[in-house]
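Asker: here is my input, please return the structure:
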Amino acid sequence: MTPPTMRLLARSGQTSMKIERIEWWEVNQFVHQEMVNSAEYHDAHERWDLVPKFLIRLHTGDGTYGVGETSRGAQREDVETAARQLIGQNPLQIPLRKLPLKDGAATVYKAYETAFLDLVGRLREMRVCDLLGGACRDHVIGSYWAGLQNPTHSLDAAQAARDGGYSCLKIKITQGMEVIERLERMRKVAPDLRFIVDAMQRYDSLDEMRALTRQMEDLNVVCLEDPLPKDRYDWYRVLREGTDIPIALHLGSTKSIIDALQAEAADIFNCSPPSSVEFVRMVDVAGAAGKSCWHGSAVDLGILDLAYIHACAVPEAATIPHDILSTPLHVDDFVVQMPGREGERIQVPTGPGLGGELDMDAVAEYLISSGEVTT
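Answerer: Below is the predicted model of the structure:
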């Protein structure tokens, strides 16, 4: 007997639908430099804003399409290899939970999953958040962002966050930085501003970090992220026991969430997997343990931010301000019209798929190279 889904597809003429071609564009992703690092940190740390991105678009024979964006560091060979694995496949018969991409596609999986969800959403006239399980909220909260900065440089970020209607500013710190002075001076400019402080595992002394957390306890810190090396969860447990500041871990899989929970290493999680499906799973597991989460990012462009907005709308425990930064951070977010935004509140798109369109004028302006895969 023909399964009901196949009968439905046959009636709609979609059993023979195939992904027929995949376009890609390599683009620059320039940012507003005042939001990144102050001068003394330029040479010592990665200039990630100079690493190009790939944008992709999947096409079916009936003219439907879906768009995606790679993480930083993807290579053209990986983009085209993954494309060849999807050419000729029916998007409505591919499992939403796991694309049929072989090993080696890790750097581009996020792009193809995003494009695939956008494509299927357009075909089914469903939003990506509904494909992921259904939205539990109609807007998500984003944080403002600042890189490695000295106390004086940081004042601009605090003022911009305050004036832009943000309640939370995420900052990067490193060993030797005047962290407490930086927080104190930003609070004078924006007394109600709260801070996510990301140490990026750059401190290797438990005693030093314990002393730093004691000084931060009255400075509106939402959480301290990755304060110590992640191979020392025993230190994380000791640190948690000695401070009122919630300790956060930046993780990329459900298994890593389970491991951290078993080690009693964190209070909050920054969930940054290479998959929106996996993000929802991670947050659901953390939420079942009573932990709140936010969606991290690699300060991506607008296509991935659209995917993040949809993903953040689904799990109940995704309540910490998210790293949805493309519009304030980048010179161009590469989306024709991002969702409505009132300060930190970002509307979950209402249109099918991602609910946004790739801005081809921006692609043309920042283009490095382009190509197409058909076989």
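Asker: name the element the most centrally placed residue in the chain belongs to?
Answerer: The residue lying closest to the centre of the chain (CA atoms, centre = their mean) is residue 297, at 3.1 Å. Under the assignment given by DSSP states H and E, residue 297 is not contained in any helix or strand.
Asker: buried set for stretch 310-323?
Answerer: Residues of stretch 310-323 classed as buried: 310-315, 317-323 (neighbour count, 16 or more other CB atoms under 10 Å). Every residue, glycine included, has its C-beta placed from N, CA and C.
Asker: quick one: mean pLDDT for that stretch?
Answerer: Per-residue pLDDT over stretch 310-323 has a mean of 98.
Asker: straight-line length of it, end to end?
Answerer: In stretch 310-323, first residue to last residue: 13 Å (CA to CA, to the nearest Å).
Asker: can you give the distance of that stretch from its chain's centre?
Answerer: Per CA atoms, centre = their mean, to the nearest Å, the displacement of stretch 310-323 from the mean C-alpha position of its chain is 11 Å.
Asker: before we move on, what about stretch 149-164?
Answerer: Remark: stretch 149-164 is offset 22 Å from the chain centroid, using CA atoms, centre = their mean.
Asker: and what of stretch 102-116?
Answerer: For stretch 102-116, the distance to the chain centre is 15 Å (CA atoms, centre = their mean).
Asker: what does that stretch contact?
Answerer: Residues outside stretch 102-116 that contact it (CB atoms under 8 Å, 6 or more residues apart in numbering) are 54-58, 66-71, 73-75, 78-79, 81-83, 85-86, 91, 94, 99, 101, 274-277, 303-304, 307, 354.
Asker: inside strands: which ones of the residues you listed?
Answerer: 54-58, 66-69 (DSSP state E).
Asker: tell me the first helix or strand C-terminal of whichever strand or helix holds residue 255.
Answerer: Using DSSP H and E, residue 255 maps to helix 254-262. The helix or strand immediately downstream of helix 254-262 is strand 268-271, counting by DSSP H and E.
Asker: which two among the ones in strands among the contacts of stretch 102-116 are spaced furthest apart?
Answerer: Farthest pair in the ones in strands among the contacts of stretch 102-116 (CB to CB) is 54 and 66. Separation: 14.7 Å.
Asker: stretch 172-185: how far from the chain's middle?
Answerer: With CA atoms, centre = their mean as the basis, stretch 172-185 stands 25 Å off its chain's centre.
Asker: give me the contacts around that stretch.
Answerer: So stretch 172-185 is in contact with 41, 146-152, 154-155, 158, 171, 195, 197-200, 202-204, 208, 212, 215-216, 219-221, going by CB under 8 Å, 6+ apart.
Asker: distance of the closest residue to residue 230 other than its chain neighbours from residue 98?
Answerer: Spatial nearest neighbour of residue 230, chain neighbours left out: residue 201 (6.3 Å); criterion: CB to CB, 6 or more residues apart in numbering. Here residue 201 is placed at a distance of 30 Å from residue 98 (CB to CB, to the nearest Å).
Asker: ok, residue 25 next?
Answerer: Counting by CB to CB, the gap from residue 25 to residue 98 is 26 Å.
Asker: of these two, who's got more company?
Answerer: Higher neighbour count among residue 25 and residue 98: residue 25, with 22 against 12, using other CB atoms under 10 Å.
Asker: dump the residue contacts of residue 190.
Answerer: With CB under 8 Å, 6+ apart, residue 190 has these contacts: 158-159, 161-162, 169.
Asker: what's the spacing between it and residue 164?
Answerer: On the measure of CB to CB, residue 190 and residue 164 end up 11 Å apart.
Asker: cool, and residue 362?
Answerer: Residue 362 is 22 Å from residue 164, by CB to CB.
Asker: next one: residue 35
Answerer: For residue 35, the distance to residue 164 equals 11 Å [CB to CB].
Asker: got any residues that touch both of these two?
Answerer: Residues touching both residue 35 and residue 164 by CB under 8 Å, 6+ apart: residue 328.
Asker: between those two, tell me which one has more neighbours.
Answerer: residue 35 (20 against 12).
Asker: tilt between the longest helix seen in the chain and strand 65-69?
Answerer: The single longest helix within the chain, with elements called by DSSP state H, is helix 109-124. On the basis of axes from the mean of the first three to the mean of the last three CA atoms, to 10 degrees, helix 109-124 is oriented at 160 degrees to strand 65-69.
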